[in-house]
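Enquirer: got a sequence here, can you build the structure:
(chains A and B)
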Amino acid sequence: MPLATVNTMAEEILRLQGVSKHFPIRSFRRFGEVVHAMDDVSFSLGKAEVLALVGESGSGKTTTASVIAQLYPITSGLIRLADPQAPDGFRSVSGKLSRKALLGYRKRVQMIFQDPFGSLNPTHTIEHILSRPYVIHDKVVYRRGEERRKTALKEQLHQLLRSVGLEPPQQYLDKFPHELSGGQRQRVNIARTFSIEPEIVLADEPTSMLDVSIRMSIMNMMLAFQEQKQVSFLYITHDLAGARYMAQRIVVMYAGMIMEIGTSDEVVQRAVHPYTKLLRSAAPAPEEGLKRNRLITQGDIPSLIHPPAGCRFHPRCPYAMAECSRLIPPLKEVEGGHWIRCYL
Amino acid sequence: MQEFLSENILECQELVAGYELKAGFVRAVDGVSFSLRRGEFLGIAGESGCGKTTLAYAVMRLFRDNAKIRSGKILYSGKDIANASEEEVKNLRWEHISMVFQSAMNALNPVLPIGEQLTDAWLAHKHGDLREAKTRALEVLKLVDIPEDRYNAYPHQLSGGMKQRVMIAMALMLQPEIVIMDEPTTALDVVVQRTIIEKIQELRKELQFSVIFITHDLSLLVEISDQLAIMYAGKIVEYGPASEVFLSPCHPYTQGLMASFPTLSGPIARMGGIEGKPPDLIDPPPGCRFYPRCRNRHSGCDLSAPPLRQVKPGHYAACDGEYHG
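Expert: Numbering: from 1, shown residues only, chains lettered A, B, ... in the order given. All right, here's what the predicted structure looks like:
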């Protein structure tokens, strides 16, 4: 199994090796059948890198983030996190972790969810919500005495809110989530994520539910965090242009499998895989004029319970050949660091 | 907008519409004027809360409870929809002006097969009996590439893209002259969105209807519409041919919106977006409503609201600042 990495890339921090995730169907009549949400997914994430995961709904991008966040156990494969103490520099985190190990893992890997309305508990104030990570991960700078401790925590919260552009901070601490706008809520979410200074942030479509005019400022804020704190991002999106704006490299997924990996410009400008080309030609790009050649395809994303044999894209692919329906094409390198899963 | 009055099929003049609340009247649409020509594709863009959906509902007179049209006119072939009787509006609706609603998932009745929902408008407008209605329903389903055997399918048996195409088929049942589309592709994936858009364009050329297309996705709108109107806080702040508005946006809000969409080609420049949020529409600020968020505001902008002015033939913008065109 080739590991698609850019040779020039700095230190790796997270590595997925042939990860699959199958969800069993909970129905008596369909006992034993599974949903192939992720199949043979391998990629690596570099330190301070932004890696975008692009695909349509049902392509397995959120599942990928969820298994990395340890929300579900994986079916097969390996998830490995850089650890200087381990003999080869990596520690496997794919098995079931103990509570303590999981806490340690979450200190390093955090997630930003898509829905800014559902991911903040409506019954708690912003102060409570933001102080939880400090309490759970024991990050409060201790001074003697409970009073002092509270002041120290408050100071940290003020600083945190300022860092996400919610100023003046004391105005936000006593508010409840419903008193904030969508953009402000997403800022609180991001503040919560960065409160414990994680090394890896899994951002699952963090701007898709926000208004167009504020999307940019949220994206820029994440980029600023990445630059200042050297955080690695797995940025999940369905918007190819947004992925190009945010990321150094792009992974294109379709029906649970990786179709193409490469640097952002390689994938967007010189897409090789027919699916990436399809995504590229469907995305609006007014700057390129209206008379663009468009790829025409039929059909929808296939059933993941009985995925098509061979390449998962072959029923929709305009260039499908006989062997495409028999064997799953392996990932092959077309150029340094640019991989596709296609026979073409 | 005076010069092509003769060929307009829909004209909206100084429309004020909104919602009656205890706290006061929310002026969701505040003095909006636009015109729509036969066969034209008019795009209306703006962020949520700018009044674009209220505007669509006003044209269809789909107001209930506390929603009101305060003043202004909506002229459709000489008739004022804003002040017409309920009976007259009923005859107009679907027959002359139809609508594709935002989320096809919720707009279709889940307990009725789509065939029954398609024939409903036909029968309500007494165009004929059920047999004729079914023939017509199969005809429009074919137009949107849905196979005949789906006629008796329930909405949950169709994919998201198919449901949206059924909604479009439904809007075309009575061959209306104007189809209003309120974010018809927002909940769909890019590839499905593209096929729906191509379908709409193809049908429009074939059947010669006009489209009012409402969305927040400006980059899509620029590609597909003839005329483009940018709404902000209940007002149209810029209006003109789509390519003109895209290439030389005049209003700072339009400029900000254009800078909110990363591009697929060209160099990657750090872009700004627009900070802040839209004003309260119950008690809007006296001057320009974009003033608190504007990057090149002047003293005076906060005192009196600048009117729409012609920048180039057919291109209007409501900004007193320096024009960049």
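Enquirer: low-confidence regions, chain B specifically.
Expert: Applying pLDDT under 70 to chain B flags the ranges B:1-6, B:320-325.
Enquirer: contact residues of chain A facing chain B?
Expert: Neighbours of chain B within chain A, by C-beta under 8 Å from any C-beta of the partner chain: A:56-57, A:181, A:183, A:211-217, A:220, A:238-242, A:244-245, A:268-269, A:278-288, A:290, A:294, A:297, A:300. To be clear about C-beta, it is placed using only N, CA and C from the backbone, and glycine gets the same treatment.
Enquirer: quick check: chain neighbours aside, which residue is closest to the residue in chain B that chain A sits nearest to?
Expert: Of all residues in chain B, residue B:273 sits closest to chain A, at 2.6 Å by C-beta to the nearest C-beta. Distance criterion C-beta to C-beta, 6 or more residues apart in numbering or on different chains; nearest residue to residue B:273, sequence neighbours excluded, is residue A:216 at 2.6 Å.
Enquirer: and the one you found, how far from residue A:183?
Expert: The spacing between residue A:216 and residue A:183, counted by C-beta to C-beta, to the nearest Å, is 11 Å.
Enquirer: for the stretch 51-200 of chain B, which residues are neighbours of chain A?
Expert: For the stretch 51-200 of chain B, the contact set with chain A under C-beta under 8 Å from any C-beta comprises B:159, B:161, B:189-194, B:198.
Enquirer: mind putting these in CSV, distance to residue A:166, neighbour count and secondary structure included?
Expert: Below are these laid out as CSV (distance: C-beta to C-beta, whole Å; neighbours: other C-beta atoms under 10 Å in any protein chain shown; DSSP: H, G, I helix; E, B strand; the rest coil):
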residue, distance to residue A:166, neighbour count, secondary structure
B:159, 40, 13, coil
B:161, 39, 20, helix
B:189, 33, 20, coil
B:190, 32, 20, helix
B:191, 37, 22, helix
B:192, 37, 22, helix
B:193, 34, 21, helix
B:194, 38, 23, helix
B:198, 43, 14, helix
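Enquirer: closest one of those residues to residue A:68?
Expert: Nearest to residue A:68 among these is residue B:189, at 23.1 Å by C-beta to C-beta.
Enquirer: I figured that closest one hits residue A:57, correct?
Expert: Yes. The criterion here is C-beta atoms under 8 Å, and residue B:189 meets it with residue A:57 at 5.8 Å.
Enquirer: and for those two, which residues touch both?
Expert: Taking C-beta atoms under 8 Å, 6 or more residues apart in numbering or on different chains as the contact rule, residue B:189 and residue A:57 both touch residue A:238.
Enquirer: CA-only coordinates of whatever helix or strand residue A:133 lives in in CSV, if you can.
Expert: Element membership for residue A:133, per DSSP states H and E: helix A:126-136. Taking C-alpha atoms only, helix A:126-136 is exported to CSV below (Å, rounded to 0.1, in the frame of the first residue of the first chain):
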residue,chain,number,x,y,z
ILE,A,126,-20.3,30.6,27.3
GLU,A,127,-18.2,30.9,30.5
HIS,A,128,-19.1,27.4,31.6
ILE,A,129,-18.7,26.0,28.1
LEU,A,130,-15.3,27.5,27.6
SER,A,131,-14.0,26.6,31.1
ARG,A,132,-14.8,22.9,30.7
PRO,A,133,-11.7,22.0,28.6
TYR,A,134,-9.5,23.8,31.2
VAL,A,135,-11.0,21.8,34.0
ILE,A,136,-11.1,18.5,32.2
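Enquirer: tell me what the helix or strand following that helix is packed against?
Expert: Sequence-wise, the next helix or strand downstream of helix A:126-136 (DSSP H and E) is helix A:146-163. Judged by 3 or more C-beta pairs under 8 Å, 6 or more residues apart in numbering or on different chains; DSSP states H and E, helix A:146-163 is in contact with helix A:126-136, helix A:170-173, helix A:182-194.
Enquirer: for those helices, which one ends up most surrounded?
Expert: Neighbour counts averaged per stretch over the helices and strands packed on helix A:146-163 are highest for helix A:182-194, at a mean of 22; criterion: mean count of other C-beta atoms under 10 Å in any protein chain shown.
Enquirer: just the angle between it and helix A:146-163, please?
Expert: 120 degrees (axes from the mean of the first three to the mean of the last three C-alpha atoms, to 10 degrees).
Enquirer: quick one: residues in contact with the helix or strand that comes right after helix A:182-194.
Expert: For helix A:182-194, the following helix or strand on the C-terminal side (DSSP H and E) is strand A:200-204. For strand A:200-204, contacts defined as C-beta under 8 Å, 6+ apart pick out A:13-14, A:45, A:61-62, A:65, A:68-69, A:108-114, A:193-194, A:222, A:225, A:231-236.
Enquirer: at 6 Å what do you get?
Expert: If you take C-beta atoms under 6 Å, 6 or more residues apart in numbering or on different chains as the criterion, strand A:200-204 is touched by A:14, A:62, A:65, A:68-69, A:109-114, A:193, A:231-236.
Enquirer: which residues of the chain fall in helices?
Expert: No chain was given, so I picked chain A. A:61-68, A:99-108, A:126-136, A:146-163, A:170-173, A:182-194, A:212-229, A:240-246, A:264-269, A:274-282 (DSSP state H).
Enquirer: not quite, go with chain B.
Expert: Under DSSP H, chain B gives helices at B:52-60, B:86-92, B:104-107, B:114-124, B:130-143, B:160-172, B:190-207, B:218-224, B:242-247, B:252-258.
Enquirer: who wins for proximity to residue B:282 among these?
Expert: Short answer: helix B:52-60, nearest of those by C-beta to C-beta, at 14.0 Å.
Enquirer: which helices and strands does the closest one pack with?
Expert: strand B:24-37, strand B:178-182 (3 or more C-beta pairs under 6 Å, 6 or more residues apart in numbering or on different chains; DSSP states H and E).
Enquirer: give the contact list for the residue in chain A positioned nearest to chain B.
Expert: For chain A and chain B, the shortest gap (C-beta to the nearest C-beta) falls at residue A:216, measuring 2.6 Å. Neighbour list for residue A:216: B:260, B:271, B:273 [criterion: C-beta under 6 Å, 6+ apart].
Enquirer: among the residues you listed, which ones are in strands?
Expert: Using DSSP state E to define strands, no part of those is located there.
Enquirer: closest to residue B:182 among these?
Expert: residue B:260 (20.9 Å).
Enquirer: wait, the closest one touches residue A:212, no?
Expert: Yes. In this structure, residue B:260 is within contact of residue A:212 by C-beta atoms under 6 Å, at 5.2 Å.
Enquirer: thinking again about what came up before, give the buried subset of the contacts of strand A:200-204 as a PyMOL selection command.
Expert: Buried members of the contacts of strand A:200-204, identified by 16 or more other C-beta atoms under 10 Å in any protein chain shown, are gathered into one PyMOL selection as follows:
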select buried, chain A and resi 14+62+65+68+69+109+110+111+112+113+114+193+231+232+233+234+235+236
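Enquirer: now, of the contacts of residue A:216, which are buried?
Expert: For those, buried by 16+ other C-beta under 10 Å: B:260, B:271, B:273.
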